[in-house]
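# Below: sequence and its predicted model.
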Amino acid sequence: MLIYHIVLKEEWERQLSESVYVAASLETEGFIHCSYADQLDAVIARYYSGQPSVLVLTIDTDRLTSTLLEEPSTGGEIYPHIYGPIDRKAIIAITDRHLSATAK
């Protein structure tokens, strides 16, 4: 199964030399927020509309070594949450998503 994690380019670049990726939410909330493909546009609009661009990490859940749980979040909608770091081998694509047209 494929899931997606949205990250600002600066945050991603700070961890390029690490063997795993760790979002700040892992420490503050205990998990890394992810989305299914059909949730990406709404999540980007809700949380990143003021940014010129974001990176979307495509994650192959079969390659994760951390625990993946599907849990209710915003409005009771079910989202994938990763309880631990994301192995680099699980990140199978990185897409630069330009948002300048929707930036406020």
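All right, it came through fine.

# Low-confidence regions, the chain specifically.
Under the criterion of pLDDT under 70, the regions of the chain flagged as low confidence span 100-104.

# Need the single longest helix in it, by residues.
If each helix of the chain is counted by residues according to DSSP state H, the longest one is helix 40-48.

# Show the contacting residues for Glu77.
For Glu77, the contacting residues are Gln39, taking CB atoms under 8 Å, 6 or more residues apart in numbering as the criterion. In short, each C-beta sits where N, CA and C put it, glycine included.

# That one and Pro85, how far apart?
Between Glu77 and Pro85 the computed distance is 25 Å (CB to CB, to the nearest Å).

# ok, now Leu99?
Counting by CB to CB, the gap between Leu99 and Pro85 amounts to 26 Å.

# of those two, who's got more company?
Neighbours around Leu99 and Pro85, counted as other CB atoms under 10 Å, are more numerous at Pro85. The numbers are 19 against 16.
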